[in-house]
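> fold the following.
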Amino acid sequence: MISEDTLDKVRELPIESIVEPYVKLSRDGRLNMKGLCPFHSEKTPSFSLNLSKNLYHCFGCNRGGDGIRFICLLYTSDAADEARSV
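Below is the predicted model of the structure:
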């Protein structure tokens, strides 16, 4: 099992570095980025990254969280397995 310290280190990674391989992102102001949500089909970007809080949120499907939660939802697995892959 992965320690809580290791999970905290993964959570401290910039959210854009975790999300960018899966979502084409564009700047939306100084502290935000946006793109098409990977969790549902859409034509207008509703997926947003808050760079200052290091969190994501989709206003279309209402999913959100940190980088570990993003990977867990993307691959539907648990946090410990995903921390190993990061």
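> show me where pLDDT drops low in the chain?
Counting by pLDDT under 70, the chain shows low-confidence ranges at 77-86.
> next, the buried residues of the helix or strand encompassing residue 70.
Taking DSSP states H and E as the definition, residue 70 sits inside helix 67-75. Under the neighbour-count criterion of 16 or more other CB atoms under 10 Å, helix 67-75 has 67, 68, 69, 70, 71, 72, 73 buried. From N, CA and C alone the C-beta is placed, and that goes for glycine too.
> residue 26: which of those residues is nearest?
Nearest to residue 26 out of the buried residues of helix 67-75 is residue 70 (CB to CB; 17.6 Å).
> show me what contacts the closest one?
Applying CB atoms under 8 Å, 6 or more residues apart in numbering to residue 70 gives the contacts 15, 18, 19, 56.
> hmm, the last one is touching residue 38, no?
No. Under the criterion of CB atoms under 8 Å, residue 56 makes no contact with residue 38, lying 10.1 Å away.
> how about the helices in this protein?
Secondary structure of the chain (DSSP state H): helices at 4-11, 15-19, 67-75, 79-85.
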